[in-house]
Structure formats: C-alpha cells, structure tokens
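> give me a 3D structure for the following:
(chains A, B and C)
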Amino acid sequence: MSEIVIEVGKRHIREINEELQEACKTGKPIRVVDTLSRHNLGVGLPDGADITFEGSVGYYCGGLNTGSRLTIERNSGWATGEGMAKGHIEVGGRAGMSCGAAMIGGTIHVKGDAGPRCGVAMKGGNIVVEGTIGYQSGFMAHAGKIIALGGAGESCADALWEGEVWVAGPIESLGVDVNVIEPTAEEVAEVDAILEPLGLVDSSRDWRKMVSGQRLWYFEARDASAWLMI
Amino acid sequence: MCGIAGRILNAPGAVGRDLVALMAAQEHRGADSTGFAVYGAPMDSGYVLRGMGFNKGQMDADLDLFRATLREHGGDFLSDPKIISDASKHYCFRMEISDPTDLAAWVSDADELSGRIEIQSCGRSLEIVKDIGGAEQVSEKHKVHDMIGTHGLGHARLATESSVLPNASHPFWARPFSDVAIVHNGQITDYYTQRDHLRRAGYRFLTENDSELIAVWVSDQMKQGLTMEQALRKSITSIDGVFTFMIATPDGIGYAKDRFAMKPLVVIEQNGELAAATEEQAVRTVFTDECDVINHDGPSLFGIWGVGNRSMAA
Amino acid sequence: MAEDNDGGQAGIVNGGDMDHAKIDAPYEYPFEMASEDEIRFRDAGAVEGRPAGVPSSYDEGGSTRWTPEAISEVHALAQLGRYQVRGYNTFNKQLPTFDDLTFVPATMTRLPLEGYREKCETKTVLGVGKGLVEKPIELDIPIYIASMSFGALSASAKASLGHGASKVGTMTCTGEGGMLEEERAASQRLLYQMSPARYGVDLDHLRRADALELVVGQGAKPGTGGLLLGMKVSPRVSKMRTLPEGVDQRSTIRHPDFLGADDLAVKIEELRIATNYQVPIFIKMGATRPRFDVAVAAKAGADVVVVDGAEGGTGASPELLLNHTGIPTMSAIRAAREALDECGMTGKVQLVAAGGIRSGVDAAKCLALGADAVMIGNASMIAMGCNSPRYLEDYAALGTSPGACHHCHTGRCPVGIATQDPELEKRMDPTAGAERVARYLTAMTMEITALAKACGKSSVHNLEVEDLRALSLQASAFTGVKMAGIDRAYDW
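Got it, this is the predicted structure:
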C-alpha cells in the first residue's frame, strides 16, 4: 500500500494537522517528514491511523490520541501523548518532560530515556521506558503503569494514587508517601504481558514496584508526620 | 516567562545570525521584547558600551552630561557614539570609550543619570542589544544579524511582573562587572529580599526585573572568591523560585537550574560548537541535521561550556 | 468678714481664706466618708472584686488579639492537628462589599432611558475578539453560571443549573469534575473546564464542549488545587475522576503538561488543533496580581480571561486560604481592565469577573468597573435553595442554621445541592430548581438593565467607571472610583 508523505518544514501547524486528519481517513500509512522538532504535530488523531514521524518532534505530539499508532523515529518534546485514550506511541529516542501526562489509555513506548514527570497525573494505560525516567516521575498518577527498565531519577513515584511505578534499575531517591513492594509472580507476569509485544521481556530483571503509601489519602490527622513530609 | 538561547563558536563567526534564528524559533514564548548578548573581538583597552536614552528630544544634552561624567573619571569617548533610533521615543547607542580610572566608581556616577540615559552593557568584548519586538524586528533595527563574535546569548521575553520597557528586557548586564551577561527563564520568588541585600552591599538595580538580580548575585559571589562553578552550584540552593539561567563571560557560558525541574534547557554540541535553547526546535534551526540533543531537564543542574580551549574555572 | 461664708454650700468650708501651711497638709473631707456600698453601686448588683456597670472587659472580654474566634481557632487546631476545612466563601471582615459603591444615574447633564419601555442590549459575545475562533460564545445576558464540579454539587443540581441557564440563553461550566452527561444534555452552551488534575478529560468531551477553560487557580483558594473530601467521593464521582472511593481528593495546582505562561502558548495551540479552532479558550485565575497575570494570560493566547476575586466561593477549602488569600473582586476588575488596556488586548480578549456577586446590582457594578461579563456560583446555588429554611433538624445536626450554613464540604447538604447522598439529593426538585435559577438570572438581568437605563445606556456593556461613586475611602482607594460628592478618586 502506498504511503502518504506530509512535509512539515516551516509550514503553519494548523495546515499540517488538517492534512494529517485528512490523510488518516484514507487508511494509508502516513510518513511525516522534515519535522524539525515542531510542536503540536498529530494532536487529536482518530482511531486506526498509522503515522511515522521521521526525525524529532516538539511538544504534545500524539496529544489526546484516540487510537492511532504513532512512531516517532527520534526524540519527542514535552507531554508526548498527553491525555491519550487509546493507541500506541513509540519514541525512538528520548521523550521530554511529562511524557504521557494525564493519559487515560493506550501505550507509550520510549526506547531511550524519559524526562522528568513521566506519567504525571496519568489515569490509565502504560508507559514503558527502556532507559531511565526523570525527576518526580509518576507524580500523582491515578492509575496505569509506568515501567522503567533502566532506572529512575530523584523523587520517584511521588504522591501516587492508584498508579504503579515499576523500576528495574537504580533509583536515585523516592518521592513522598511511597511503598516499595516485592511484586508477586502474577504481577510480574502482568508486566511481562505488556513488555512481550515490545520484545522486552527479560526474566532476570530485579523489579521494584512502587505504590502509594496511602498516608496522604485522608485529610484526617491520623498521622501528623505524613503531613509534615509534604 | 521566556525563551532563552546560547551559542558558542570555535572561531569568531556569525553568532548574531545564529542567535536571531534561535530566538525567532521561540518567539511564541514571548514577543514583548527580544535581546542579544554578543561577545565580539576583545579590545586591548577601553570598553564598548551599549545603552539607551529614554527621551530622544534631549539626546544631545544627555550625551554631553554622560560624557562629562566619564571625563571626570579619566575616560572619554573614543569616537562619536552611534545612535540607533526609530519612531519610538527612546533611542539606543553604541560607543567605545577609553578606560575610566575605576570602572565601578564611574558606573556608579553614570547611573545617577539612569532615568535619562542608561548603560545596558559594558565590556571589552560584550555588547548587549535589546529592544521591544520580536527577533527579526530587533535584529533589523540593530543589525544583530551582522554581529560577529565567538559566543552569545539570546532572550525572548513575555513580561510578567515588570514593565515592557526595552531596558527591562534581557539579557542583563551584571552591573558593574564588565563583560558579564545573563538570560533567565522563570521567576524568582524571593527576589525583593535578595535585591535588598545586594542594594545594601552597594549594588544598583535599574529595573524591577528579577533576572537582573541573578547576574549581580552570581558576580558578587565570584567577587567574594567563589569560582563560577561554585557560584552556580550555590545559586541553586540560595535563590528561590523557578529558573533556568545562562550567564556568559568572555570565556564561555555557565548555566544553572532550580530544584524543581520546571524549565527546560536543550543543547546540541558538535566539535566544540554549541547551541542551547529552551526548546529543541530552536537548536535545530542552527544544527539542521538530525544530530543528538542533550536535554538538561532534570532538577538542580549546573555546568559550564568554555569557548574554544579557554577555561572558566578561574 | 463673717458673712462671706453665707454664699458657700452648707457644710463645706470655703477654702479662700486658708493659708499656705494648710494646703500642704493632706486633704480631709469636711464630711463623713461615703459607705463602700454607696461608692460601688452595691444597689446595682456589684459584687466583691467586680465593679457594677462594666461589662465589656469582664463579661465579654476585651482583647483585640485573643477574640473568642481566635481562641476557638487555637482550640480547633490543637485538637485536630491540622488546619480547618470548610465550604462557602470568605469570612474576612476587612473585604469591601459592592455596597461601598453607588451608581450616579442621569439627571440634568445626561438623559436617562425609560426604564419600563426602552430597550437595553444585554447580549454578550465571548471569544470573538481575535477572529481566531469559528464559534464564539453568544450569551443573551451578561451572566453565566460559574464552574462548580459534579462532585462538589449533585448531578441533579448540575442539571438544574443547565436547564435554568439554557432557558435564559446563557452558559454553565463543568468545573473540574469532568463532563456530566445530564449537564451536557441540559446546557445549550457548556464551558468545559480543564483543571490541573485533568479529571475525566478526553478528546470526545473536548469536542462536545462549546468552550474550553484552563483553570490556573480560583478566587477562594488561589495557589492551591481543588479539594473534595471523601464523603463526596461517591462511586460515580470516583469513576469520573479515576480516584479510589471515599478518599479525600486534593488536586494538583500545577498543570501536568505546561509550566508557565510561555509553555501555555504552545498548550493553547494544541487545544485549538484538538477542537479544530471551533471554540474559544478561557483562562480562569484567582485574583492575586491581576495587573500582571491578566496581561500574561492574554498575551499567551487566551480568548477570555476569568478573574475570580477573593470573595469567590468553593465546595471545600482550607479555611485560612478562604479568609486570607487574594484580593477583592472590585479591585481585581479594575486592575485586570487596566492590564488589558495597556497591552492592547481590550476588545480582543474578554474579561469575565466573579467572586461574591449577589445580585444584578453587584453584577452591574462589575460591568461598570470593566468586566465584559460576570459569573455566579454561590448565588446560583442559593437560588436553587442553598441555605433555605427547610429540614431544620438537619441544619441543627451540622451545628448550623438556615442563612448561616457553610457545610458544603461535609456532603451533608440539608437541601440536597452540595451532596452526593442519593437521599439528600432528592430534596431538591430539579425542575423547580431549574426554574428558580432561570427566574433569578432574569431578575438579575432586569436589575442590570434598570441601572443601565437609569444611567442613560442602551447597552449594559456601556456602563463605565464614571457611572459609579465610592461611599467609602477604602472602596475608592481599591478601585480608583471617584468619591461621592467630591468627585475625585482617593489620591495617594
């Protein structure tokens, strides 16, 4: 099947996105070239499209995605896939700050590192980072899994809700109100099921699973020390 | 609230052109004003001054007074000042002067005229150009595009808590330290207290802009004996609020970031040449092949990029 | 000289003849000392150690620092080990009220319009100024319903607000709790709020909204995220917000995907693309430094800026923030308008004011001070029946009474508005609630037009600062409105 090529360059971002939306309707694979790290490429994409971004993209690429498959060959800027509900985003290089912010479903797969606040306020779906996740990753994640194969920066898994942060490498420091737990075999199997289609299963990993300590969930001063740590 | 940029070349070249491109790509981050700091070929003696006067109508009188103050301090204009002006009430100038006996003492006296005429940079090689408008507009007016040098800084400003006057724009000169300039993205939340301390120590601030503080703060720390690296490290725990700043001297550019990882800094470095900016799309206007970028987006980071083989450790 | 004494009072010796030696001696009454009972008004009930007729310092306390309220606050903090939380709005007595301003209608120099006959335009268009938006918001009246979440309010209260607002041709706002289907169905125009916590935000909801609002703070508690105590995190609220049931939800205050107005410019472009440039984008903020904040929001690309003064209400907030943060609505409007004027955004960006607006009169004053429209929250709840004198035993159980209730945070709303309890929710008939909201908005609009016409205006949007005078030095100083009579603003 022939592919549709969309040139970014210095053109107006509205025009590019309108072309992209039209191209999605054809069902053909789409290749976006000369991306120049421009912002807001591929925002609000429909279900079922397959788009490759040749080169690096700027902020909010794949934001509010509702089911398309995006391949970003190199780096992505801030908040890649923010608010996305469904679909798959692959970042070949490094993802910037707030990758997958407030996402509610789908998968983001980052082959390099992810910047600070990876998965901040996420409400579902999975983020898999082959490298490390940055400062304060998982901050107030409501649901979903953030899986870092390389390690994590400072303040990891800060103030979680029911989201989970899985790290198979060194962690610089933990955020507030985190419980680090030994995952059960079933839980590891669940994570492996997410990694399997990405070809990333490795049984030798030493996982640490981080969940909320739940001490900040209630405003009652049952334990004053919990409140003094924030 | 801004976009910032830095550029380093291995040999004197079109640093002005590159900085304009870096800033034009970030204009959406703030189009109130744009500014540039360029380090050109250093003078053996004497200083190049950039500045502005607030009222074109009394330009001659103000420049005469400014010159008289300089003469009282043993210096003089080396040639007629070059005046840059358009329809607006203010005008800008570039001039070369011979060394005053004591630079800080002269600046202090010259600043008595700062309500009428204001020095915006003073250095053997530093020249700061800043004005109202976007990158291309400021470049067109001040011919930034043609400025040659080894390195420099750029800034696009979205005015937050101070006015949109050209003199409140970045970069800021670390008054009265020659050849030191700064650009800053963020807001300092203990600015009033810190500025007050430095004022009591004898420094003068000409704007209500929090970024002017950082330039003087870092220079003052170095005057007290810290190295640039030590001063940058100390700034992270001594200054509160949100910041990514770059500070330049004739030897290179240093940067520091706050404890909360709020403001980004993206860098491409190739064969000793470097471009740094708030956004990746800006550095890609200078390095157009898909080369690797370094994201300094973590908390509490600082570092120094030297020019050529010069060291900034001293 | 013996007859000299005749003019003196009986029993008291005239001292005129005394020599100096006698003056230096201790004075003795030339009569018998009165009894202690007489001196101390014992007949008026004085007791040992306590003078009669001096109630203030003994019975009522006199300390200006340790008032009964201050003492009870210490007792509360000492027992709870945390700050207090409550709903409603500020109790700070130092805030001015709109009653400190009065209108000066047309008299001799100007001609009024006929209040009962001539037309006064009330149509209000938001998001039209920049020509960027395909579908600006057109309201028939300059008032809309403020952002109050499903969670803070019951689903039927949200639907009532929607129906009531639709009937009079105006808009409601989702608040931060996500888009409630009942509210979407009831509201002809719905403003969809994206709070930093992004509860329930998805593309479908964004595209079903008539306008988007990025909230960066609220008047009741600027600088702090939303708060919803566990009593109100019902199964449905929990599902919409992806939160565990029954937890105390404390929302983030910083947005997850932009950190500052410079990044906001990029975020706004994203939202425009996501909604295909159809709908206006609002930015709502608590009033703190509106002189700068509003200019920054306008320059970052907002179509409408909403400034919520310190008098703004809330479903729950730390009490200290309700009482001790933010600036008054009246001063915020003036600062915001000046900011828009100065950066050339007046006409391009609309200004909406909120916070403590109780009537059409207050709303008219906001318009005169410089707002393009106003937003009402607490007032619309009160119109539905908040604080109405029904179910008195339930007020009593909360330790309060109709007219004084501020217990939205408990979820035990006696009249079924600020609750998620299905039994309590039944107490507000949603059809009657809708009609009360519609009538209240109609009455408010009549009040505004009555004042506008008295001032000789054929449009409510032509009310201006010159139509007002200040009745207090403070109000004049806060707003720059001229003092009554002297016709000069308080001048520093």
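> okay, helices next: where are they in the stretch 101-250 of chain B?
B:103-110, B:135-142, B:191-200, B:210-223, B:228-238 (DSSP state H, counting those that start in this stretch).
> of those helices, which is nearest chain C?
helix B:210-223 (12.1 Å; Cβ to the nearest Cβ). Glycine gets a C-beta too; all of them are placed from N, C-alpha and C.
> could you single out the most deeply buried of the helices of the stretch 101-250 of chain B?
helix B:210-223 (a mean of 23; mean count of other Cβ atoms under 10 Å in any protein chain shown).
> tell me the angle it makes with helix B:191-200.
Helix B:210-223 and helix B:191-200 meet at an angle of 50 degrees, taking axes from the mean of the first three to the mean of the last three Cα atoms, to 10 degrees as the criterion.
> ok, and what's touching helix B:210-223?
B:161-162, B:170, B:172-175, B:177, B:180-184, B:187-188, B:191, B:194-195, B:198, B:201, B:203, B:205-206, B:228, B:230-232, B:234-235, B:238-239, B:241, B:243, B:245, B:247 (Cβ atoms under 8 Å, 6 or more residues apart in numbering or on different chains).
> tell me the contacts of the nearest residue to A:Leu36 once chain neighbours are set aside?
Leaving out its chain neighbours, the residue that sits closest to A:Leu36 by Cβ to Cβ, 6 or more residues apart in numbering or on different chains is B:Arg284, at 5.3 Å. Applying Cβ under 8 Å, 6+ apart to B:Arg284 gives the contacts A:36-37, A:56, B:25, B:268.
> do you know the pLDDT at B:Arg284?
On pLDDT, B:Arg284 comes in at 92.
> same question, A:Ala224
56.
> just C:Ala197 next, same as before
pLDDT, C:Ala197: 95.
> gap between it and chain B?
18 Å (Cβ to the nearest Cβ, to the nearest Å).
> distance of the residue lying closest to that residue once chain neighbours are set aside relative to C:Gly177?
Among residues not flanking C:Ala197 along the chain, C:Ser251 sits closest, at 3.8 Å (Cβ to Cβ, 6+ apart). Using Cβ to Cβ, to the nearest Å, C:Ser251 is found at 10 Å from C:Gly177.
> circling back: so which of the contacts of B:Arg284 belong to helices?
Among the contacts of B:Arg284, no member falls in helices (criterion: DSSP state H).
> going by distance to C:Thr109, which of the residues you listed wins?
For these, the closest approach to C:Thr109 (Cβ to Cβ) belongs to B:Ala25, at 56.0 Å.
> ok, now which ones touch residue 85?
As the question left the chain open, I've gone with chain A. A:Ala85 neighbours (Cβ under 8 Å, 6+ apart): A:64-67, A:103-106, C:202-203.
> other chain: chain B
B:Ser85 touches B:56, B:91-92, counting by Cβ under 8 Å, 6+ apart.
> of these - the most surrounded one?
Highest neighbour count within those: B:Cys92, with 22 neighbours (other Cβ atoms under 10 Å in any protein chain shown).
> wasn't that one part of a strand?
Yes - the assignment for B:Cys92 by DSSP: H, G, I helix; E, B strand; the rest coil puts it in a strand.
> ok, the residue of chain A found nearest chain B - contacts?
Nearest to chain B, among the residues of chain A, is A:Ser37, at 3.9 Å (Cβ to the nearest Cβ). By Cβ under 8 Å, 6+ apart, the contact set of A:Ser37 is A:55-58, A:75, A:77, B:279-281, B:284.
> and if we set it to 7 Å?
A:Ser37 is in contact with A:56-58, A:77, B:280-281, B:284, counting by Cβ atoms under 7 Å, 6 or more residues apart in numbering or on different chains.
> A:Cys99 too?
Here A:Cys99 is in contact with A:80, A:108, A:110, A:114-115, A:118, A:127 (Cβ under 7 Å, 6+ apart).
> rerun that using 8 Å as the cut-off
A:Cys99 makes contact with A:76, A:79-81, A:91, A:108, A:110, A:114-115, A:117-119, A:127, A:129, according to Cβ under 8 Å, 6+ apart.
> tell me the SS of it?
coil.
> wasn't C:Ala335 part of a helix?
Yes - assignment of C:Ala335 by three-state DSSP places it within a helix.
> rewinding a little: tell me which of C:Ser251 and C:Gly177 has more neighbours.
Between C:Ser251 and C:Gly177, C:Gly177 has the larger neighbour count (other Cβ under 10 Å), namely 27 against 21.
> the more buried one reaches C:Val237, doesn't it?
Yes - contact criterion Cβ atoms under 8 Å: C:Gly177 and C:Val237 qualify, at 6.8 Å.
> sorry, back to before: which among the contacts of A:Cys99 end up buried?
A:76, A:79-81, A:91, A:108, A:110, A:114-115, A:117-119, A:127, A:129 (16 or more other Cβ atoms under 10 Å in any protein chain shown).
> domain parsing for chain B?
B:3-42+B:125-306, B:43-124 (automatic domain parsing).
> for the longest one, the distance to its chain's centre please.
The gap between the average C-alpha position of domain B:3-42+B:125-306 and the chain average comes to 6 Å, counting by Cα atoms, centre = their mean, to the nearest Å.
> can I get the helices of the stretch 101-250 of chain B in JSON lines with mean pLDDT?
Formatted as JSON lines, the helices of the stretch 101-250 of chain B follow (pLDDT from 0 to 100):
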{"stretch": "helix B:103-110", "mean pLDDT": "95"}
{"stretch": "helix B:135-142", "mean pLDDT": "94"}
{"stretch": "helix B:191-200", "mean pLDDT": "94"}
{"stretch": "helix B:210-223", "mean pLDDT": "92"}
{"stretch": "helix B:228-238", "mean pLDDT": "95"}
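> before we move on, the earlier item: how close does the residue of chain A closest to chain B get to C:Met483?
57 Å.
> likewise A:Pro197?
Counting by Cβ to Cβ - A:Pro197 and C:Met483 are separated by 74 Å.
> got the contact list for B:Arg204?
B:108, B:111, B:114, B:175-176 are the contacts of B:Arg204 under Cβ under 8 Å, 6+ apart.
> ignore what I typed, I meant B:Asp44.
Neighbours of B:Asp44 in contact, by Cβ under 8 Å, 6+ apart: B:Arg124.
> so it, which of the three states?
B:Asp44 - assigned by three-state DSSP - is coil.
> show the pLDDT at it.
In this model, B:Asp44 carries a pLDDT of 95.
> again, but for C:Met18
53.
> same check, this time on the one 10 residues further on
You'll see C:Glu28 listed with a pLDDT of 89.
> equivalent analysis for B:Glu161, please.
On the pLDDT scale, B:Glu161 gets 69.
> one more: the one 3 residues further on?
pLDDT, the model's per-residue confidence, is 68 for B:Val164.
> low pLDDT regions in the chain?
Picked chain A for this. For chain A, applying pLDDT under 70 flags the ranges A:1, A:220-230.
> let me rephrase: I mean chain C.
C:1-22, C:55-60.
> point out the residues in it that sit beside chain A.
Contacts of chain C with chain A, taken as Cβ under 8 Å from any Cβ of the partner chain, map to C:80-82, C:85, C:196-198, C:201-204, C:206-207, C:229-230, C:241-244, C:247-248, C:250, C:252, C:256-258, C:263, C:266-267, C:269-270, C:272-275, C:277.
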